[in-house]
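Novice: got a structure for you, letters missing:
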């Protein structure tokens, strides 16, 4: 069953529209790992888990980018292209391109920059977690065989 607290409702709606949320497909692939006593996943299942993690990270980045674009458009009155440039530069850690004119825009940019740092850490964790888990799981399976 998919945990109710996983991800914002907008991300779930996006994944439902593209058919990736059916029967908890993404949540099962991204969040459910085999426990210590279970055998190692096959390569095909691991690649599927890694792909699902990449899809979840890409969806997080896409939602974050759109939120930044909307914020710049709302607070600074930028065109969609200028809002895209500023939001993508902050999301990537480079900083804003245009000078901000309003106090609301400056507060939004600072808040968005703080959020973007956390989103980057989360997206990186989503992508790296299956690889680290597989390495650790294989290590534990080998150490259990050595003990026997």
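Specialist: Structure received. For clarity, every value in this text was computed on a predicted model and none was experimentally measured.
Novice: Next, the buried residues of the helix or strand encompassing residue 56.
Specialist: Secondary structure from DSSP states H and E places residue 56 in helix 43-76. By neighbour count with 16 or more other C-beta atoms under 10 Å, helix 43-76 contains the buried residues 49-50, 52-53, 55-57, 59-61, 63-65, 67-69, 71-73, 75-76. Using the backbone N, CA and C atoms, a C-beta is placed for each residue, glycine as well.
Novice: now do stretch 127-135
Specialist: The neighbour-count check on stretch 127-135 (16+ other C-beta under 10 Å) flags 129-130, 134 as buried.
Novice: Please apply the same query to stretch 37-44.
Specialist: Neighbour counts over stretch 37-44 (16+ other C-beta under 10 Å) mark residue 41 as buried.
Novice: likewise stretch 91-98?
Specialist: Applying 16+ other C-beta under 10 Å to stretch 91-98 flags 91, 96 as buried.
Novice: what does it rub up against?
Specialist: Residues outside stretch 91-98 that contact it (C-beta atoms under 8 Å, 6 or more residues apart in numbering) are 61, 64-65, 68, 76, 78, 82, 85-86, 89-90, 109, 113, 116-117, 119-120.
Novice: From the residues you listed, list the buried ones, please.
Specialist: Looks like the contacts of stretch 91-98 have 61, 64-65, 68, 76, 78, 82, 85-86, 89-90, 109, 116, 119-120 buried, using 16+ other C-beta under 10 Å.
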